[in-house]
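> sequence and predicted structure, then a few things I'm wondering about:
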Amino acid sequence: MSSLLGLDSTPEEAAKAASIAKQANVVFILSLISILFCCLGGIIASVMANRAKDDAAAGNVESAQRNMNFAIGWMVVTYIVGLGGIMGQLSGVR
């Protein structure tokens, strides 16, 4: 139970968790912006980035990293879909 609360984490694990939490904040903000491009993908990315922040705060580094990678993947897909739609509109493709 103490490892779940992050009480027995090493300084390296704590530093990694802090780094992931900081990265999760950036991804969370960018994923909120991506909601403008593709609502569903942006929401999924936002939820997963928030989970990564929560896991990092709890000291669960592995889960935080997994959720962060998932959030980044969805965010990238969302931006690609959104930019593809914008380019399609600008070029007149229907």
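Great, that's in hand. Residues are numbered from 1 along each chain as shown.
> C-alpha only now, for contacts and for neighbours.
OK.
> so which bits of stretch 74-85 are buried?
74, 75, 76, 77, 78, 79, 81, 82 (16 or more other CA atoms under 10 Å).
> go ahead and name everything in contact with it.
With contacts defined as CA atoms under 8 Å, 6 or more residues apart in numbering, stretch 74-85 is touched by 30, 31, 34, 35, 37, 38, 41, 42, 44, 45.
> quick one: which of those residues has the most company?
When neighbours are taken as other CA atoms under 10 Å, the top entry among the contacts of stretch 74-85 is residue 45 (31 neighbours).
> pLDDT score for that one?
Looking at residue 45, its pLDDT reads 93.
> does it touch residue 69 like I think?
No: contact criterion CA atoms under 8 Å: residue 45 and residue 69 do not qualify, at 9.7 Å.
> coming back round to it: tell me the one among the buried residues of stretch 74-85 nearest to residue 24.
Using CA to CA, residue 75 comes nearest to residue 24 of those, at 12.0 Å.
> lowest average confidence, helix or strand, in the protein?
Within the chain, no helix or strand scores below helix 11-34, which has a mean of 90 by mean pLDDT, DSSP states H and E.
> packing partners of that helix?
Under the contact criterion of 3 or more CA pairs under 8 Å, 6 or more residues apart in numbering; DSSP states H and E, helix 11-34 touches helix 39-58, helix 61-91.
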